[in-house]
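A.B. asks: Got a sequence here, can you model it:
(one chain, ligands or ions: 2)
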Amino acid sequence: MKEVKQFDESKIGVKGLVDSGITTIPRFFVHPPHVLSQFKPGSKTRPDLVIPTIDLSGVDSHHNRSLIVDQIRQACSSFGFFQIINRGVPMGVLDRTIESIKGFHEEPTEIKARFYTRGLGTGVSYISNVDLYNSKAASWRDTLWVKLGPKMADHDQIPEICRNEMIEWDREIKRLGEVLSGLMCEGLGVETWRLKEMTCLEERTMVGHHYPKCPQPDLTVGLVYHTDPDVLTVLQQDNVGGLQVKYGEDWVDVKPVPGALIINVGDLLQIISNEVYKSAEHRVLANPSHEPRVSIAVFFNTGNRDDLYGPLPELISSEKPALYRQFTVTDFMTRFSKREVDGKSLSNYYKL
Ligand SMILES: O=C(O)CCC(=O)C(=O)O
Ligand SMILES: [Fe+2]
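C.D. replies: Ligands and ions are numbered 1, 2, ... in the order given. As a prediction, the model looks like this:
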C-alpha cells in the first residue's frame with residue numbers, strides 16, 4: 001500500500017517509471033499466477049477467428065442498409081465486437097487524434113502532473129490506473145480522461161496539445177454514434193431513433209490510453225478483462241496490437257485494421273436489448289514492443305441517469321420474458337465504481 005501511494009503521489013505514471021530506466025516492474029503491478037496463466041501466448045487463444053469488419057459505405061441506400069443491419073445484428077449478438085470501415089470519418093482526423101494523445105503522454109512529467117487527479121470533477125483527468133486503490137494489482141498503462149458531453153470540459157482545462165483534436169473528434173464521434181445506434185436499433189427491430197430518444201448517446205466520455213513498453217510483460221497486463229459499463233463504445237487503436245476479445249472460453253486478437261474503428265456493445269445495451277446483443281469481455285496484453293501502444297475510446301452513456309432503464313417493452317413477450325429488472329443508471333454506476341474493473345457484474349440486475 002505504501003508503494004502504491006508513493007507511486008500515485010509521484011504523479012509520474014507508468015511512463016515515468018519506464019523513463020526512469022527500471023528493468024523490473026514494482027511488485028504491485030505483478031498479477032496473480034491464475035490471471036497470468038490465462039495471458040500466456042497460445043493459451044486459449046483462437047488465431048483462426050477474426051471479429052467481423054463491416055463496410056458502412058452505402059448505408060444511406062435502402063438495399064445496402066438492410067445488408068449492413070444484418071451484419072451488425074449478427075456481430076452484436078455473437079462477438080459483441082466489430083470493426084467498421086468507410087464510415088465517413090476522414091483518415092486525417094483519426095491520425096491526428098491518436099498522434100495528439102501520444103503527444104500528451106510524451107509531455108514532461110511537470111506538465112502532465114497538473115492534470116493528475118482522481119475523479120472527473122473538472123472534466124479532465126490524467127491518471128495511472130483508475131482503480132489503483134481497489135484492484136488486486138495495477139496494470140501497465142496511463143490514461144487521459146476527457147468529458148465530451150452533454151457538456152464538454154472547459155476548453156482551457158483540456159491539455160493544449162490535444163485540445164483542437166478532441167473538439168474535432170467529438171464532432172465526428174457524435175455523428176457516428178447516431179448512425180451506429182440507428183443501425184443497432186434496426187437490428188433489434190425497433191424504431192431507428194429509440195436509443196437516441198432514451199438519451200443513450202448523450203453522455204460521452206473519452207479516454208486516451210498509453211501503454212508504454214513493459215520490461216516484464218509476462219508478469220502484468222495492459223488492461224484487465226472487463227466489459228464496458230456503457231451503452232456502446234467506439235474505440236480506435238494504433239498499429240501495435242494487444243487488444244483481445246473473449247469468445248466462448250477463448251480469446252481472439254483484435255488485429256489493427258488501418259483506418260478502422262472498433263465498436264463494442266456495453267452492459268447497458270445488453271440489458272436494454274434483453275440480451276439479443278452481448279457485451280463482450282475484452283482485455284489488453286502488457287505491451288512488449290518498443291513502440292508505445294496508444295488507443296482512444298469514447299463511451300456513450302445515458303443522459304438521464306435517474307430515469308428507469310431495463311429491457312425494451314418491444315423486446316419482451318411471453319416467449320421471451322424480461323431477463324433484467326429496471327434500474328437507474330446512477331445505481332448501476334455506483335455499484336460499478338465500488339468494485340474492481342475486471343469481470344462482468346450484470347448478475348445484480350438479473351430478474352430472478
Ligand atoms: O486500449 C484498448 O484497446 C481497450 C480500451 C478499453 O477497453 C477501455 O478503455 O474500456
Ligand atoms: Fe473496454
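
A.B. asks: and the residue nearest the centre of the chain, how far is that from ligand 1?
C.D. replies: The chain has residue 297 as the residue nearest its centroid, 4.9 Å off, counting by CA atoms, centre = their mean. Taken as CB to the nearest ligand atom, to the nearest Å, the spacing of residue 297 relative to ligand 1 amounts to 4 Å. The C-beta positions use only the backbone N, C-alpha and C, and glycine is treated the same way.

A.B. asks: now swap in residue 240 and tell me
C.D. replies: Residue 240 is 10 Å from ligand 1, by CB to the nearest ligand atom.

A.B. asks: before we move on, the earlier item: might you report the residue contacts of the residue nearest to the centre of the chain?
C.D. replies: By CB atoms under 8 Å, 6 or more residues apart in numbering, the contact set of residue 297 is 206, 207, 209, 228, 233, 234, 235, 236.

A.B. asks: And it, what's its pLDDT?
C.D. replies: As predicted, residue 297 sits at a pLDDT of 96.

A.B. asks: again, but for residue 1
C.D. replies: Looking at residue 1, the pLDDT reads 90.

A.B. asks: Look at it and say how many residues are nearby.
C.D. replies: 7 (other CB atoms under 10 Å).

A.B. asks: Find the nearest non-adjacent residue to whichever residue of the chain sits closest to ligand 1, please.
C.D. replies: In the chain, the residue that lies nearest ligand 1 is residue 295 (3.4 Å; CB to the nearest ligand atom). Spatial nearest neighbour of residue 295, excluding adjacent residues (CB to CB, 6 or more residues apart in numbering): residue 237 at 4.4 Å.

A.B. asks: and the gap between the one you found and residue 167?
C.D. replies: Noted for residue 237: a distance of 22 Å to residue 167, by CB to CB, to the nearest Å.

A.B. asks: the more surrounded of these two?
C.D. replies: Under the criterion of other CB under 10 Å, the comparison of residue 237 against residue 167 puts residue 237 first, with 24 against 13.

A.B. asks: For this protein, which segments are assigned as helices?
C.D. replies: Counting by DSSP state H, the chain has helices at residues 2-10, 13-19, 33-37, 62-78, 91-105, 109-113, 160-188, 194-197, 267-272, 329-338.

A.B. asks: Any chance of those in CSV with distance to ligand 1 as columns?
C.D. replies: Below are the helices of the chain laid out as CSV (distance: least, CB to the nearest ligand atom, whole Å):
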stretch, distance to ligand 1
helix 2-10, 20
helix 13-19, 14
helix 33-37, 17
helix 62-78, 17
helix 91-105, 11
helix 109-113, 19
helix 160-188, 14
helix 194-197, 20
helix 267-272, 12
helix 329-338, 12
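
A.B. asks: Name the stretch among the ones you listed that sits most buried.
C.D. replies: Of all the helices of the chain, helix 267-272 has the most neighbours on average by mean count of other CB atoms under 10 Å, namely a mean of 25.

A.B. asks: Over it, what's the mean pLDDT, rounded is fine.
C.D. replies: In this model, helix 267-272 has an average pLDDT of 94.

A.B. asks: ok, what's across the strand from residue 251?
C.D. replies: Under the criterion DSSP bridges, residue 251 forms beta bridges with residue 45, residue 246.

A.B. asks: wait, doesn't it sit right on residue 44?
C.D. replies: Yes: between residue 251 and residue 44 there is a contact under CB atoms under 8 Å: 6.0 Å.

A.B. asks: Counting neighbours, go ahead and name the busier of those two.
C.D. replies: Neighbour count, other CB under 10 Å: between residue 251 and residue 44, residue 251 has more, with 22 against 13.

A.B. asks: is stretch 207-223 up against ligand 1 anywhere?
C.D. replies: Yes: judged by CB under 6 Å from any ligand atom, stretch 207-223 comes into contact with ligand 1 at 207, 209, 223.

A.B. asks: For beta bridges, what are the partners of the first one?
C.D. replies: Each beta-bridge partner of residue 207 is listed here, defined by DSSP bridges: residue 145, residue 297.

A.B. asks: what about it, neighbour count?
C.D. replies: 19.

A.B. asks: go on, residue 293?
C.D. replies: That count, for residue 293 with other CB under 10 Å as the rule, works out to 26.

A.B. asks: again, but for the one 10 residues further on
C.D. replies: By other CB under 10 Å, the residues close to residue 303 number 15.

A.B. asks: mind checking which helix or strand of this structure has the lowest mean pLDDT?
C.D. replies: helix 329-338 (a mean of 75; mean pLDDT, DSSP states H and E).

A.B. asks: helices or strands up against that one?
C.D. replies: Using 3 or more CB pairs under 8 Å, 6 or more residues apart in numbering; DSSP states H and E, the elements in contact with helix 329-338 are helix 267-272.

A.B. asks: contacts for the helix it packs on?
C.D. replies: Helix 267-272 has contacts (CB under 8 Å, 6+ apart) with 76, 80, 184, 195, 198, 200, 227-232, 277-279, 301-302, 309-312, 323-324, 329, 332, 344, 346, 349.

A.B. asks: that older thread, so the residue of the chain closest to ligand 1 sits right up against residue 239, yeah?
C.D. replies: No: using CB under 8 Å, residue 295 makes no contact with residue 239, being 11.0 Å away.
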